[in-house]
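# Curious how this folds, go ahead:
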Amino acid sequence: MVKTPSFGRPSADGLRFSFGTLTVLPVRVTRWDRDAARGGMLCAPLAGLVVGAGAAAAGLVLLSLGAGAPLAAVVSAAVPALLTRGLHLDGLADTADGLGSGKPAEDALRIMKRSDIGPFGVITLVCVLLAQVAALAQAYAASWPRGALAAVVAGTVARLALTLAARSGVPAARPEGLGAAVAGVVPVRGAIGSAVTVTAALTAASGAFLGANGVLRTALAVVVALGAAELLLRHCTRRFGGVTGDVFGGLAETAATAALVVLSLG
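Numbers count the residues shown, from 1 in each chain. Okay, here's the model as predicted:
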């Protein structure tokens, strides 16, 4: 009898893959096959939840010590970078350099593999980090629950964007690397299920702390964040012929920034 895989239930291998590749937490990846990658990408929002919770906790500690909203925002923006070794920010910069080069796909991919960061990458990093800090400062200034929830939502939805980007039908741009390992591993049904589950959980948490306005704002933030990431994903797929690890990093930072901007409004 053929055993039907469960796409919605995280496995130990999937959790190790997710936390071992998406965070600096001391988790050893014991399997690097397609099944483990599938579980890992389905568990990506859980890794994002941990990263976001760490960012929120750091911001709240500073607020409790008397620091203002701007400093709490800076720390909340810095924690995700520390917990990922700057992996996603580096991917964002490399993706910006590749897209901004205007060169054919093969040449653009070579540019993205370089260790240095070009002018497009620098400008993109500066703008994105400024936007994240400004949005978090606005949220913390409104209230500490709103600021903390913004950090959690941004961290979670950033990794949910990775789950959706790893869905079936999205090709890898290279035959090697993290992009090739996870490209197309998540069934569309599993990706949609994860999106619905994560969105419901985030809006419920926002409703508990912020009421009906929090539910609406969070739902809109998730939709806008995933929409922005999807637009970037499609552009990169057309431009490079598929996804790479750098593209995944760019998607995560794009989704996080878009979510924070929406959550800071109103």
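# what helices or strands is the helix or strand of the chain with the lowest mean pLDDT leaning on?
Sorting the helices and strands of the chain by mean pLDDT, DSSP states H and E puts helix 178-182 at the bottom, at a mean of 87. If you count contacts as 3 or more CB pairs under 8 Å, 6 or more residues apart in numbering; DSSP states H and E, helix 178-182 packs onto helix 34-42, helix 245-264. Bear in mind the C-beta positions are built from the backbone N, C-alpha and C, glycine included.
# closest to Leu92 out of those?
Comparison of the helices and strands packed on helix 178-182 against Leu92 by CB to CB identifies helix 245-264 as nearest, at 4.3 Å.
# Now do that closest one: which elements does it pack against?
helix 87-100, helix 119-142, helix 144-165, helix 178-182, helix 212-240.
# list the buried ones in the longest one?
Buried residues in helix 212-240, counting neighbours by 16 or more other CB atoms under 10 Å, are found at 214-215, 217-226, 228-230, 232-233, 236-237, 239-240.
# tell me the angle that helix makes with helix 144-165.
Using axes from the mean of the first three to the mean of the last three CA atoms, to 10 degrees, the direction of helix 212-240 lies 30 degrees away from that of helix 144-165.
# helices or strands up against helix 212-240?
Helix 212-240 sits against helix 87-100, helix 105-113, helix 144-165, helix 188-210, helix 245-264, with contacts defined as 3+ CB pairs under 8 Å, 6+ apart.
# Mind putting those into JSON lines with mean pLDDT and distance to Leu22?
Converted to JSON lines, those look like this (pLDDT from 0 to 100; distance: least, CB to CB, whole Å):
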{"stretch": "helix 87-100", "mean pLDDT": "96", "distance to Leu22": "8"}
{"stretch": "helix 105-113", "mean pLDDT": "92", "distance to Leu22": "19"}
{"stretch": "helix 144-165", "mean pLDDT": "97", "distance to Leu22": "7"}
{"stretch": "helix 188-210", "mean pLDDT": "95", "distance to Leu22": "15"}
{"stretch": "helix 245-264", "mean pLDDT": "97", "distance to Leu22": "9"}
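# Excluding covalently adjacent residues, which one is nearest to Gly147?
Nearest residue to Gly147 in three dimensions, chain neighbours excluded: Tyr140, at 3.2 Å (CB to CB, 6 or more residues apart in numbering).
# just to revisit the earlier point, in CSV, list the helices and strands packed on helix 178-182 along with mean neighbour count and distance to Arg16.
As requested, the helices and strands packed on helix 178-182 are exported to CSV (neighbours: other CB atoms under 10 Å; distance: least, CB to CB, whole Å):
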stretch, mean neighbour count, distance to Arg16
helix 34-42, 24, 8
helix 245-264, 28, 18
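# Quick one: the ones you listed as JSON lines, columns for distance to Thr203 too.
Listed next are the helices and strands packed on helix 178-182 as JSON lines, based on distance: least, CB to CB, whole Å:
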{"stretch": "helix 34-42", "distance to Thr203": "20"}
{"stretch": "helix 245-264", "distance to Thr203": "12"}
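# out of those, nearest to Ala131?
Evaluated over these, closeness to Ala131 peaks at helix 245-264, with 5.3 Å, by CB to CB.
# what about that closest one, distance to the chain center?
6 Å (CA atoms, centre = their mean, to the nearest Å).
# Taking helix 212-240 as reference, get the angle to it.
Interaxial angle of helix 245-264 relative to helix 212-240 (the same axes, to 10 degrees): 150 degrees.
# coming back round to it: closest one to Trp32 among the helices and strands packed on helix 245-264?
Across the helices and strands packed on helix 245-264, Trp32 has its closest neighbour in helix 178-182 (6.8 Å, CB to CB).
# what comes into contact with that closest one?
21, 32, 37, 40-41, 162, 166, 172-174, 242-248 (CB atoms under 8 Å, 6 or more residues apart in numbering).
# Pick out the residue nearest the middle of the chain.
Ala158 (2.3 Å; CA atoms, centre = their mean).
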